[in-house]
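Undergrad: I would like to see how this sequence folds:
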Amino acid sequence: QVQLVESGGGLVQAGGSLRLSCAASGRMASFDAMGWFRQAPGKEREFVAAKRTSGSSEYNDAVKGRFTISKDRAKNTVYLQMNNLKPEDTGVYYCVASRVRTHAWDYWGQGTQVTVSS
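TA: Just a heads-up that it's a prediction; the model follows:
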(Lines give C-alpha, C1' and ligand atoms only; values in the text may rest on other atoms or scores of the structure.)
Protein backbone atom coordinates (compact mmCIF):
# COMPACT_ATOMS: atom_id res chain seq x y z
CA GLN A 1 0.00 0.00 0.00
CA VAL A 2 1.34 3.43 -0.95
CA GLN A 3 1.39 6.26 1.53
CA LEU A 4 2.37 9.88 0.93
CA VAL A 5 2.87 12.08 3.99
CA GLU A 6 3.39 15.82 3.59
CA SER A 7 4.99 18.23 6.04
CA GLY A 8 6.40 21.73 6.09
CA GLY A 9 3.34 23.89 5.59
CA GLY A 10 2.65 26.96 7.68
CA LEU A 11 2.09 30.70 7.79
CA VAL A 12 4.57 33.01 6.09
CA GLN A 13 4.62 36.64 4.99
CA ALA A 14 4.63 37.58 1.33
CA GLY A 15 8.15 37.35 -0.06
CA GLY A 16 9.08 34.59 2.36
CA SER A 17 9.97 30.96 1.76
CA LEU A 18 8.78 27.51 2.78
CA ARG A 19 9.92 24.01 1.96
CA LEU A 20 7.39 21.22 1.73
CA SER A 21 8.41 17.59 2.10
CA CYS A 22 6.62 14.43 1.05
CA ALA A 23 7.76 11.07 2.38
CA ALA A 24 6.64 8.10 0.31
CA SER A 25 6.28 4.50 1.40
CA GLY A 26 5.00 1.39 -0.32
CA ARG A 27 5.39 0.29 -3.92
CA MET A 28 7.40 3.24 -5.13
CA ALA A 29 8.91 1.19 -7.93
CA SER A 30 5.54 1.57 -9.64
CA PHE A 31 5.84 5.38 -9.78
CA ASP A 32 6.84 7.24 -12.91
CA ALA A 33 6.47 10.69 -11.37
CA MET A 34 5.84 12.52 -8.10
CA GLY A 35 4.59 16.03 -7.71
CA TRP A 36 2.42 18.62 -6.04
CA PHE A 37 -1.06 20.00 -6.52
CA ARG A 38 -2.74 22.78 -4.56
CA GLN A 39 -6.22 23.98 -3.85
CA ALA A 40 -7.08 27.51 -2.82
CA PRO A 41 -10.33 28.31 -0.98
CA GLY A 42 -13.23 28.33 -3.42
CA LYS A 43 -11.07 27.24 -6.35
CA GLU A 44 -10.41 24.01 -8.17
CA ARG A 45 -7.37 21.92 -7.44
CA GLU A 46 -4.46 22.81 -9.75
CA PHE A 47 -1.15 21.31 -10.77
CA VAL A 48 1.94 22.93 -9.26
CA ALA A 49 5.01 20.88 -10.15
CA ALA A 50 6.19 17.37 -10.99
CA LYS A 51 9.43 15.42 -11.06
CA ARG A 52 9.63 12.44 -13.39
CA THR A 53 11.81 9.38 -12.95
CA SER A 54 13.66 10.53 -16.07
CA GLY A 55 14.82 13.52 -14.03
CA SER A 56 12.79 16.11 -15.90
CA SER A 57 10.68 18.67 -14.05
CA GLU A 58 7.46 20.46 -14.93
CA TYR A 59 5.95 23.58 -13.41
CA ASN A 60 2.78 25.58 -13.48
CA ASP A 61 3.56 28.89 -15.18
CA ALA A 62 2.38 30.71 -12.06
CA VAL A 63 5.25 29.28 -9.99
CA LYS A 64 8.08 29.07 -12.54
CA GLY A 65 11.20 30.77 -11.28
CA ARG A 66 9.95 30.77 -7.68
CA PHE A 67 9.34 27.08 -6.86
CA THR A 68 11.76 24.18 -7.26
CA ILE A 69 10.88 20.51 -7.03
CA SER A 70 13.53 17.99 -6.08
CA LYS A 71 13.76 14.37 -4.99
CA ASP A 72 15.98 12.45 -2.62
CA ARG A 73 15.83 8.84 -3.79
CA ALA A 74 17.66 7.51 -0.75
CA LYS A 75 15.02 9.02 1.54
CA ASN A 76 12.08 8.35 -0.81
CA THR A 77 11.17 11.98 -0.35
CA VAL A 78 10.19 14.75 -2.73
CA TYR A 79 10.53 18.42 -1.83
CA LEU A 80 8.99 21.66 -2.99
CA GLN A 81 11.10 24.71 -2.25
CA MET A 82 8.88 27.78 -2.47
CA ASN A 83 10.51 31.20 -2.61
CA ASN A 84 9.12 34.70 -3.02
CA LEU A 85 5.72 33.48 -1.89
CA LYS A 86 2.64 35.48 -2.79
CA PRO A 87 -0.81 35.62 -1.14
CA GLU A 88 -2.22 33.82 -4.18
CA ASP A 89 -0.02 30.82 -3.31
CA THR A 90 -2.22 30.22 -0.27
CA GLY A 91 -3.94 26.85 -0.23
CA VAL A 92 -3.73 23.21 0.71
CA TYR A 93 -0.79 21.53 -0.98
CA TYR A 94 -1.08 17.86 -1.86
CA CYS A 95 1.72 15.45 -2.67
CA VAL A 96 0.87 13.13 -5.57
CA ALA A 97 2.36 10.12 -7.32
CA SER A 98 1.74 8.77 -10.79
CA ARG A 99 1.85 5.10 -11.64
CA VAL A 100 3.73 3.71 -14.62
CA ARG A 101 0.73 1.57 -15.49
CA THR A 102 -1.80 4.39 -15.68
CA HIS A 103 0.25 7.63 -16.04
CA ALA A 104 -2.38 9.13 -13.76
CA TRP A 105 -2.06 10.82 -10.38
CA ASP A 106 -3.42 7.80 -8.55
CA TYR A 107 -1.94 8.46 -5.12
CA TRP A 108 -2.57 11.53 -2.97
CA GLY A 109 -1.37 12.67 0.42
CA GLN A 110 -3.61 14.23 3.04
CA GLY A 111 -2.45 17.78 2.28
CA THR A 112 -0.63 20.50 4.17
CA GLN A 113 -1.82 24.09 4.59
CA VAL A 114 0.23 26.98 3.25
CA THR A 115 -0.91 30.48 4.14
CA VAL A 116 0.82 33.57 2.76
CA SER A 117 -0.12 36.87 4.40
CA SER A 118 0.17 40.19 2.60
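
Undergrad: May I have the predicted confidence score for the most centrally placed residue in the chain?
TA: With distances taken as C-alpha atoms, centre = their mean, the chain has residue 36 as the residue nearest its mean C-alpha position (2.5 Å). Listed pLDDT for residue 36 reads 98.

Undergrad: ditto for residue 30
TA: The model reports residue 30 with a pLDDT of 80.

Undergrad: Strands along the chain, start to end?
TA: Remark: strands assigned in the chain by DSSP state E are 3-7, 10-13, 18-25, 31-39, 46-52, 57-59, 67-72, 77-82, 91-99, 105-108, 112-117.

Undergrad: Which of the residues in the fourth one are classified as buried?
TA: Which is strand 31-39. Under the neighbour-count criterion of 16 or more other C-beta atoms under 10 Å, strand 31-39 has 31, 33, 34, 35, 36, 37, 38 buried. Every residue, glycine included, has its C-beta placed from N, CA and C.

Undergrad: Just the angle for that strand relative to strand 3-7, thanks.
TA: 50 degrees (axes from the mean of the first three to the mean of the last three C-alpha atoms, to 10 degrees).

Undergrad: List the strands paired with strand 31-39, with their directions.
TA: Strand 31-39 pairs in its sheet with strand 46-52 (antiparallel), strand 91-99 (antiparallel), by DSSP bridges.
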